[in-house]
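> sequence and computational prediction follow.
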Amino acid sequence: MLQRARARRNPFYAAPFDEVAPAIEGLASLDRAAWAQAFSTLARPHERRCAEAEARGDEQTATEAAFLAYTYYAIARYPLPAGEGQWQAYRRAQAWYLRATRTLDPPLERVEIPCDGEPGRGSAIVGYLRRPRGQSRPPLLLMCAGLDVYKEEHRADAFLAAGLATFAMDMPGTGDAPIVGSETAERLWDAVFAWVASRPDLDASRVALMGTSTGGYWAAKVAHTHRDHLRAVVSQGGCAHVAFTREWIEQAEQGEYPFDLALSLARAFGLSSAEAWWETASRFSLLELGVLDQPCAPLLLVNGLQDTVFPIADLHLLLQHGSPKSARIFPVGHMGNTPETLPMILSWLQSRLA
């Protein structure tokens with residue numbers, strides 16, 4: 001974990017190393033309750049610093065402190081809430097995120113889209129909309145978060161600068177999503193596309209979807225099931241079939257993912273244990289569900305050749321089925337993130353949303 005923190009890798013993107021290092025060194029294990037407590041404790045001085053800055057009218061310092069409070073609570077709930085301490089941390093992270101983004105330009109709009117949710121998960125899709133300045137009806141990029149990087153962690157600045165509106169949302173089974181992952185959870189996007197069509201300030205004829213990591217699984221699926229609504233789809237670091245086999249699941253437990261990957265995926269897909277995931281994950285395979293041989297919207301597949309979270313074989317499998325697709329593989333690990341990756345994705349999206 002210290003290496004991840006020093007390199008500013010997930011979940012430590014915005015966390016100062018000199019602050020997080022003692023907390024990491026003080027952990028005897030990755031017990032979720034202890035993890036939540038350690039990083040929630042780091043948030044509290046920044047909460048106080050924000051309040052003090054507000055009292056003296058120092059908005060810049062207040063915003064910086066609010067962002068750090070959000071950052072530590074977001075780390076505390078990582079990879080996804082399991083237990084009261086992590087759920088409390090997530091709710092605090094959301095509150096501080098809204099405080100930290102209060103002065104964004106273009107502004108951030110918190111949106112609730114009515115959706116037929118499951119018991120205990122609410123009845124709305126919660127997301128964050130930002131629209132570029134100077135456009136009355138910009139094209140829209142739907143940003144689907146992954147297993148552990150939630151909608152609050154998605155950064156929209158590069159897309160906004162390119163003239164795209166963005167809407168960040170959680171994938172099924174995570175964050176505020178009103179349904180868990182299932183064989184039919186793509187129905188979440190029925191409500192999203194209905195909402196897009198209702199917004200006179202968005203161009204519903206120019207909509208793209210980008211899913212990252214496990215969100216890339218949903219992006220690839222929705223590219224097929226909702227193809228008529230989409231001009232372009234990006235699946236970055238996603239999975240499709242091989243990732244759901246027992247052989248890969250066991251192998252991935254020894255890979256680069258810092259927590260218990262099988263258990264985290266199980267919870268996102270409505271299961272209670274890693275054992276249940278090993279036994280039943282194959283039912284979510286896009287190949288077994290018959291999705292891959294359907295036509296799809298223009299689809300760009302991106303990943304790292306050395307990915308140990310989701311196999312590069314899944315990218316190749318997608319290329320071997322259904323409509324022709326675009327692909328770019330980088331010589332790195334999960335997600336294929338390099339200095340070239342985001343500019344390449346952005347250029348591809350712009351060419352299809354023009």
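On my side now, so go ahead. The structure displayed is predicted, hence computed values, not measured ones.
> list the contacts of stretch 308-322.
In this structure, residues lying in contact with stretch 308-322 by CB atoms under 8 Å, 6 or more residues apart in numbering are 213-214, 216, 220, 224, 235, 237-243, 248, 251-252, 254-257, 261, 287, 292-296, 299, 301, 303-305, 325, 327, 329, 333-334. Glycine gets a C-beta too; all of them are placed from N, C-alpha and C.
> how far is it from where the chain is centred?
With CA atoms, centre = their mean, to the nearest Å as the basis, the distance from the averaged C-alpha position of stretch 308-322 to the chain average is 20 Å.
> can I get it as CSV, trimmed to CA atoms?
This file holds the C-alpha atoms of stretch 308-322, laid out as CSV (Å, rounded to 0.1, in the frame of the first residue of the first chain):
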residue,chain,number,x,y,z
THR,A,308,-3.9,-8.7,-13.8
VAL,A,309,-7.3,-7.6,-12.7
PHE,A,310,-9.2,-8.3,-16.0
PRO,A,311,-7.6,-10.4,-18.7
ILE,A,312,-6.6,-8.9,-22.0
ALA,A,313,-8.2,-12.0,-23.5
ASP,A,314,-11.6,-10.4,-23.0
LEU,A,315,-10.6,-7.5,-25.2
HIS,A,316,-9.6,-9.9,-27.9
LEU,A,317,-12.8,-11.9,-27.5
LEU,A,318,-14.9,-8.8,-28.0
LEU,A,319,-13.0,-8.2,-31.3
GLN,A,320,-13.8,-11.7,-32.5
HIS,A,321,-17.6,-11.3,-32.1
GLY,A,322,-20.4,-9.1,-33.5
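> now the element after the helix or strand containing R92, going C-ward?
Mapping R92 onto the secondary structure by DSSP states H and E places it in helix 84-100. Scanning the chain past helix 84-100 towards its C-terminal end, the next helix or strand to appear is strand 108-114 (assignment: DSSP H and E).
> and V126, that's in a helix?
No - using DSSP: H, G, I helix; E, B strand; the rest coil, the secondary structure at V126 is strand, not a helix.
> which residue packs closest to it, ignoring adjacent ones?
Counting by CB to CB, 6 or more residues apart in numbering, D176 is the residue found nearest to V126 once chain neighbours are left out, at 3.9 Å.
> state the mean pLDDT of the longest helix belonging to the chain.
Taking residue count as the measure and DSSP state H as the definition, the longest helix of the chain comes out as helix 32-55. With pLDDT averaged residue by residue, helix 32-55 scores 97.
> what packs against that helix?
On a contact count with 3 or more CB pairs under 8 Å, 6 or more residues apart in numbering; DSSP states H and E, helix 32-55 meets helix 17-25, helix 59-76, helix 84-100.
> compute the inter-axis angle for that helix and helix 59-76.
The directions of helix 32-55 and helix 59-76 differ by 170 degrees, with axes from the mean of the first three to the mean of the last three CA atoms, to 10 degrees as the criterion.
> assess the claim that Y90 and Y78 are in contact.
No - counting by CB atoms under 8 Å, Y78 is not a contact partner of Y90; they are 9.4 Å apart.
> so which bits of the helix holding R92 are buried?
Neighbour-count burial for helix 84-100 flags G85, Q86, Q88, A89, Y90, R92, A93, Q94, W96, Y97, R99, A100 (criterion: 16 or more other CB atoms under 10 Å).
> and stretch 332-344, how far out from the chain's middle?
Here stretch 332-344 is found 16 Å from its chain centre; the criterion is CA atoms, centre = their mean.
> need the CA coordinates for that stretch. PDB is fine.
Output for stretch 332-344, consisting of C-alpha atoms alone and laid out as PDB, is shown next (Å, rounded to 0.1, in the frame of the first residue of the first chain):
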ATOM      1  CA  VAL A 332       1.100  -1.400 -18.900                       C
ATOM      2  CA  GLY A 333      -1.200  -2.900 -16.300                       C
ATOM      3  CA  HIS A 334      -4.900  -2.500 -15.600                       C
ATOM      4  CA  MET A 335      -6.800   0.100 -17.600                       C
ATOM      5  CA  GLY A 336      -3.900   0.800 -19.900                       C
ATOM      6  CA  ASN A 337      -3.300   4.300 -18.400                       C
ATOM      7  CA  THR A 338      -0.400   6.200 -19.900                       C
ATOM      8  CA  PRO A 339       0.100   9.800 -20.800                       C
ATOM      9  CA  GLU A 340      -1.200   8.900 -24.300                       C
ATOM     10  CA  THR A 341      -4.400   7.100 -23.200                       C
ATOM     11  CA  LEU A 342      -6.800   9.900 -22.300                       C
ATOM     12  CA  PRO A 343      -5.900  12.100 -25.300                       C
ATOM     13  CA  MET A 344      -6.400   9.100 -27.600                       C
END
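> give me the residues contacting the longest helix of the chain.
19-20, 23-24, 26-28, 59, 61-62, 65-66, 68-73, 75-78, 82-83, 85-86, 88-89, 92, 96, 99.
> and it with helix 17-25, angle?
Here helix 32-55 runs at an angle of 150 degrees relative to helix 17-25 (the same axes, to 10 degrees).
> using CSV, list the CA coordinates for helix 32-55.
Once side chains and other backbone atoms are set aside, the C-alpha atoms of helix 32-55 remain, and they are given as CSV (Å, rounded to 0.1, in the frame of the first residue of the first chain):
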residue,chain,number,x,y,z
ARG,A,32,-12.3,-2.9,6.6
ALA,A,33,-13.3,-1.4,10.0
ALA,A,34,-9.8,-0.5,10.9
TRP,A,35,-9.2,0.9,7.4
ALA,A,36,-12.3,3.1,7.7
GLN,A,37,-11.3,4.3,11.1
ALA,A,38,-7.7,5.1,10.1
PHE,A,39,-8.6,7.3,7.0
SER,A,40,-11.7,8.9,8.6
THR,A,41,-9.4,10.1,11.3
LEU,A,42,-7.2,11.8,8.7
ALA,A,43,-10.2,13.6,7.3
ARG,A,44,-11.2,15.4,10.6
PRO,A,45,-8.4,18.0,10.8
HIS,A,46,-9.3,19.1,7.3
GLU,A,47,-13.0,19.3,8.3
ARG,A,48,-12.0,21.7,11.0
ARG,A,49,-9.7,23.6,8.7
CYS,A,50,-12.5,24.1,6.3
ALA,A,51,-14.8,25.5,9.0
GLU,A,52,-12.1,27.9,10.2
ALA,A,53,-11.4,29.1,6.7
GLU,A,54,-15.1,29.7,6.0
ALA,A,55,-15.4,31.7,9.3
